[in-house]
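J.: Turn this into a model:
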Amino acid sequence: MLWQEEENREEFQVPEDVVDLHFDIRCRELPVDHIHDLASALEEALPWLAEEAELGIHEIHLAGSQNGWERPEAGSGQRLILSRRTKLVIRTPRHRVDQLQQEIADLQLEIDDCLMVVGKAKIKPLSTQSTLYARHVALEEDEIDDENKFLERMAEELAGRGIQIKKALCGKSGEILTPEGSIPTRSVMLADLAPADAVALQEQGLGPYRNLGCGIFLPMKGIKKVEED
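T.: From the prediction side, this is the model:
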(Lines give C-alpha, C1' and ligand atoms only; values in the text may rest on other atoms or scores of the structure.)
Protein backbone atom coordinates (compact mmCIF):
# COMPACT_ATOMS: atom_id res chain seq x y z
CA MET A 1 0.00 0.00 0.00
CA LEU A 2 1.18 3.52 -0.84
CA TRP A 3 -0.26 6.18 1.45
CA GLN A 4 0.97 9.75 1.25
CA GLU A 5 -0.33 12.13 3.86
CA GLU A 6 -0.62 15.73 2.79
CA GLU A 7 2.20 17.79 4.24
CA ASN A 8 1.15 20.10 7.04
CA ARG A 9 1.60 23.59 5.59
CA GLU A 10 1.44 25.29 8.97
CA GLU A 11 4.46 23.37 10.25
CA PHE A 12 6.68 24.18 7.26
CA GLN A 13 9.17 26.95 8.07
CA VAL A 14 10.23 29.20 5.23
CA PRO A 15 14.07 29.18 5.25
CA GLU A 16 14.39 32.85 4.13
CA ASP A 17 17.52 32.14 2.09
CA VAL A 18 15.82 34.34 -0.54
CA VAL A 19 13.46 37.21 0.30
CA ASP A 20 11.61 40.06 -1.38
CA LEU A 21 12.62 43.63 -0.63
CA HIS A 22 9.74 46.10 -1.08
CA PHE A 23 11.21 49.57 -1.60
CA ASP A 24 9.28 52.79 -1.24
CA ILE A 25 9.65 54.91 -4.35
CA ARG A 26 8.87 58.44 -5.42
CA CYS A 27 7.93 58.26 -9.07
CA ARG A 28 4.99 59.87 -10.82
CA GLU A 29 4.90 57.73 -13.95
CA LEU A 30 6.76 55.07 -15.90
CA PRO A 31 6.60 53.76 -19.45
CA VAL A 32 4.53 50.58 -19.72
CA ASP A 33 7.61 48.89 -21.20
CA HIS A 34 9.92 50.04 -18.43
CA ILE A 35 11.54 46.84 -17.21
CA HIS A 36 14.63 46.89 -19.44
CA ASP A 37 15.41 50.52 -18.63
CA LEU A 38 14.76 49.88 -14.93
CA ALA A 39 17.11 46.89 -14.89
CA SER A 40 19.78 48.80 -16.82
CA ALA A 41 19.59 51.77 -14.44
CA LEU A 42 19.84 49.53 -11.37
CA GLU A 43 22.73 47.51 -12.79
CA GLU A 44 24.60 50.65 -13.81
CA ALA A 45 24.33 51.95 -10.25
CA LEU A 46 24.99 48.54 -8.64
CA PRO A 47 27.01 46.41 -11.12
CA TRP A 48 27.08 43.39 -8.80
CA LEU A 49 23.34 42.86 -9.32
CA ALA A 50 24.06 41.13 -12.63
CA GLU A 51 26.27 38.58 -10.85
CA GLU A 52 23.50 37.19 -8.60
CA ALA A 53 21.68 34.35 -10.35
CA GLU A 54 18.95 34.23 -7.68
CA LEU A 55 18.26 37.96 -7.84
CA GLY A 56 15.19 39.10 -9.75
CA ILE A 57 13.75 42.54 -10.49
CA HIS A 58 9.96 42.56 -10.41
CA GLU A 59 8.12 44.39 -13.14
CA ILE A 60 6.21 47.32 -11.65
CA HIS A 61 2.69 46.17 -12.23
CA LEU A 62 -0.62 47.96 -11.73
CA ALA A 63 -4.09 46.47 -11.63
CA GLY A 64 -5.65 45.89 -15.04
CA SER A 65 -8.42 48.39 -14.35
CA GLN A 66 -9.31 50.79 -11.57
CA ASN A 67 -11.68 53.77 -11.34
CA GLY A 68 -12.35 53.71 -15.07
CA TRP A 69 -8.64 53.50 -15.94
CA GLU A 70 -7.29 50.50 -17.86
CA ARG A 71 -3.67 49.45 -17.91
CA PRO A 72 -2.15 50.18 -21.35
CA GLU A 73 -0.94 47.24 -23.42
CA ALA A 74 2.76 46.50 -23.83
CA GLY A 75 4.22 48.16 -26.90
CA SER A 76 1.64 50.95 -26.86
CA GLY A 77 4.14 53.65 -25.91
CA GLN A 78 1.88 54.79 -23.08
CA ARG A 79 2.66 55.27 -19.40
CA LEU A 80 1.65 53.91 -16.03
CA ILE A 81 0.54 56.50 -13.49
CA LEU A 82 1.90 55.33 -10.14
CA SER A 83 0.42 55.82 -6.70
CA ARG A 84 2.26 56.45 -3.43
CA ARG A 85 1.68 52.80 -2.54
CA THR A 86 3.56 51.51 -5.59
CA LYS A 87 6.73 49.63 -4.66
CA LEU A 88 9.94 48.58 -6.34
CA VAL A 89 10.36 44.90 -5.48
CA ILE A 90 13.63 43.00 -5.77
CA ARG A 91 13.93 39.31 -4.96
CA THR A 92 17.37 38.74 -3.49
CA PRO A 93 19.50 36.21 -1.62
CA ARG A 94 19.42 36.96 2.11
CA HIS A 95 23.17 37.60 2.26
CA ARG A 96 22.77 40.57 -0.10
CA VAL A 97 19.93 42.27 1.82
CA ASP A 98 22.02 44.66 3.94
CA GLN A 99 24.24 45.64 1.03
CA LEU A 100 21.27 46.22 -1.25
CA GLN A 101 19.42 48.30 1.33
CA GLN A 102 22.48 50.47 1.99
CA GLU A 103 23.52 51.01 -1.62
CA ILE A 104 20.07 51.64 -3.06
CA ALA A 105 18.86 54.09 -0.41
CA ASP A 106 18.14 57.53 -1.91
CA LEU A 107 19.25 56.30 -5.33
CA GLN A 108 17.90 58.38 -8.21
CA LEU A 109 17.19 56.43 -11.37
CA GLU A 110 16.46 57.81 -14.83
CA ILE A 111 14.06 55.45 -16.58
CA ASP A 112 13.40 56.77 -20.06
CA ASP A 113 12.75 60.40 -19.06
CA CYS A 114 11.07 59.48 -15.75
CA LEU A 115 12.77 60.05 -12.40
CA MET A 116 12.50 57.40 -9.69
CA VAL A 117 13.86 58.03 -6.20
CA VAL A 118 14.25 54.86 -4.14
CA GLY A 119 13.58 54.92 -0.40
CA LYS A 120 13.58 52.44 2.46
CA ALA A 121 12.65 48.79 2.13
CA LYS A 122 10.69 46.20 4.06
CA ILE A 123 11.75 42.56 4.02
CA LYS A 124 9.04 40.08 3.11
CA PRO A 125 9.61 36.31 3.23
CA LEU A 126 8.54 34.07 0.40
CA SER A 127 5.13 32.44 0.60
CA THR A 128 4.08 28.84 1.21
CA GLN A 129 0.88 29.50 -0.75
CA SER A 130 0.10 26.45 -2.89
CA THR A 131 -0.87 28.50 -5.96
CA LEU A 132 1.82 30.58 -7.67
CA TYR A 133 1.72 32.81 -10.72
CA ALA A 134 4.37 34.27 -13.03
CA ARG A 135 3.42 37.16 -15.30
CA HIS A 136 6.25 36.42 -17.71
CA VAL A 137 8.20 33.24 -18.46
CA ALA A 138 10.49 33.41 -21.50
CA LEU A 139 9.48 31.18 -24.41
CA GLU A 140 11.64 29.26 -26.82
CA GLU A 141 10.94 29.84 -30.51
CA ASP A 142 8.92 26.66 -31.07
CA GLU A 143 6.75 27.41 -28.01
CA ILE A 144 5.36 30.76 -29.15
CA ASP A 145 2.35 29.14 -30.83
CA ASP A 146 2.36 25.86 -28.93
CA GLU A 147 1.66 26.19 -25.23
CA ASN A 148 1.77 22.41 -24.76
CA LYS A 149 5.46 22.38 -25.69
CA PHE A 150 6.06 25.13 -23.18
CA LEU A 151 4.22 23.26 -20.44
CA GLU A 152 6.09 20.03 -21.21
CA ARG A 153 9.47 21.76 -21.05
CA MET A 154 8.55 23.56 -17.85
CA ALA A 155 7.33 20.36 -16.17
CA GLU A 156 10.46 18.49 -17.25
CA GLU A 157 12.79 21.20 -15.97
CA LEU A 158 11.03 21.46 -12.63
CA ALA A 159 10.90 17.67 -12.24
CA GLY A 160 14.68 17.68 -12.68
CA ARG A 161 14.84 19.94 -9.62
CA GLY A 162 12.54 17.68 -7.64
CA ILE A 163 9.55 20.07 -7.90
CA GLN A 164 6.35 18.18 -8.58
CA ILE A 165 3.76 19.91 -10.76
CA LYS A 166 0.17 18.77 -10.38
CA LYS A 167 -1.76 21.58 -12.06
CA ALA A 168 -0.54 24.16 -14.56
CA LEU A 169 -2.43 26.70 -16.62
CA CYS A 170 -1.07 29.05 -19.27
CA GLY A 171 -2.36 32.58 -19.54
CA LYS A 172 -1.65 35.55 -21.76
CA SER A 173 1.20 35.69 -24.22
CA GLY A 174 3.31 38.83 -24.08
CA GLU A 175 6.71 40.27 -24.78
CA ILE A 176 9.54 42.09 -23.07
CA LEU A 177 10.95 44.88 -25.25
CA THR A 178 14.73 45.36 -25.33
CA PRO A 179 17.08 47.24 -27.68
CA GLU A 180 18.13 43.85 -29.09
CA GLY A 181 14.53 42.88 -29.90
CA SER A 182 11.50 41.51 -28.11
CA ILE A 183 11.52 38.48 -25.83
CA PRO A 184 8.33 36.41 -26.22
CA THR A 185 6.77 35.37 -22.93
CA ARG A 186 3.73 33.69 -21.46
CA SER A 187 2.10 33.91 -18.06
CA VAL A 188 1.61 30.69 -16.13
CA MET A 189 -0.14 29.55 -12.97
CA LEU A 190 0.80 26.48 -10.92
CA ALA A 191 -1.55 25.07 -8.28
CA ASP A 192 -1.52 22.44 -5.52
CA LEU A 193 2.19 22.87 -4.85
CA ALA A 194 3.69 21.44 -1.69
CA PRO A 195 5.01 24.19 0.63
CA ALA A 196 8.66 23.25 0.09
CA ASP A 197 8.16 23.16 -3.69
CA ALA A 198 6.39 26.53 -3.66
CA VAL A 199 9.27 28.15 -1.78
CA ALA A 200 11.91 26.47 -3.96
CA LEU A 201 10.16 27.70 -7.11
CA GLN A 202 10.10 31.26 -5.81
CA GLU A 203 13.77 31.03 -4.78
CA GLN A 204 15.00 29.57 -8.07
CA GLY A 205 12.52 31.01 -10.58
CA LEU A 206 12.07 29.55 -14.04
CA GLY A 207 14.05 30.30 -17.16
CA PRO A 208 16.30 33.24 -18.08
CA TYR A 209 15.95 37.04 -17.84
CA ARG A 210 15.22 37.22 -14.12
CA ASN A 211 16.52 40.81 -14.19
CA LEU A 212 13.74 41.60 -16.69
CA GLY A 213 10.97 40.24 -14.50
CA CYS A 214 10.78 36.83 -16.19
CA GLY A 215 10.32 33.58 -14.28
CA ILE A 216 9.47 35.31 -10.99
CA PHE A 217 6.63 33.54 -9.18
CA LEU A 218 4.14 35.30 -6.91
CA PRO A 219 1.56 33.85 -4.52
CA MET A 220 -2.13 33.79 -5.38
CA LYS A 221 -4.99 33.30 -2.95
CA GLY A 222 -6.71 30.86 -5.25
CA ILE A 223 -7.22 29.73 -8.81
CA LYS A 224 -8.53 32.37 -11.18
CA LYS A 225 -8.31 33.03 -14.88
CA VAL A 226 -4.75 34.15 -15.54
CA GLU A 227 -5.96 35.74 -18.77
CA GLU A 228 -7.55 38.49 -16.66
CA ASP A 229 -4.29 39.73 -15.12
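
J.: Give me the secondary structure label for the nearest residue to residue 20 once chain neighbours are set aside.
T.: Nearest residue to residue 20 in three dimensions, chain neighbours excluded: residue 124, at 4.6 Å (Cβ to Cβ, 6 or more residues apart in numbering). Any C-beta I mention is one placed from the backbone N, CA and C, and that applies to glycine too. Recorded secondary structure, residue 124: strand (DSSP: H, G, I helix; E, B strand; the rest coil).

J.: Just the mean pLDDT for stretch 36-48, thanks.
T.: For stretch 36-48, mean pLDDT rounds to 96.

J.: Give me the residues contacting it.
T.: 30-31, 49-50, 57, 60, 100, 103-104, 107, 109-112, 116, 176-179, 211-212 (Cβ atoms under 8 Å, 6 or more residues apart in numbering).

J.: Which members of those residues are classed as buried?
T.: Buried members of these, counted by 16 or more other Cβ atoms under 10 Å: 30-31, 49, 57, 60, 100, 104, 107, 109, 111, 116, 176-178, 211-212.

J.: Tell me which entries of the residues you listed lie within strands.
T.: 30-31, 57, 109, 111, 116, 176-178 (DSSP state E).

J.: Nearest to residue 146 among these?
T.: Closest to residue 146 out of those is residue 176 (19.7 Å), distances taken as Cβ to Cβ.

J.: Count the neighbours of the residue nearest to the closest one when sequence neighbours are not counted for me.
T.: Leaving aside its sequence neighbours, residue 176 sits nearest to residue 183 (Cβ to Cβ, 6+ apart; 4.3 Å). Neighbours of residue 183 under the rule other Cβ atoms under 10 Å: 18.
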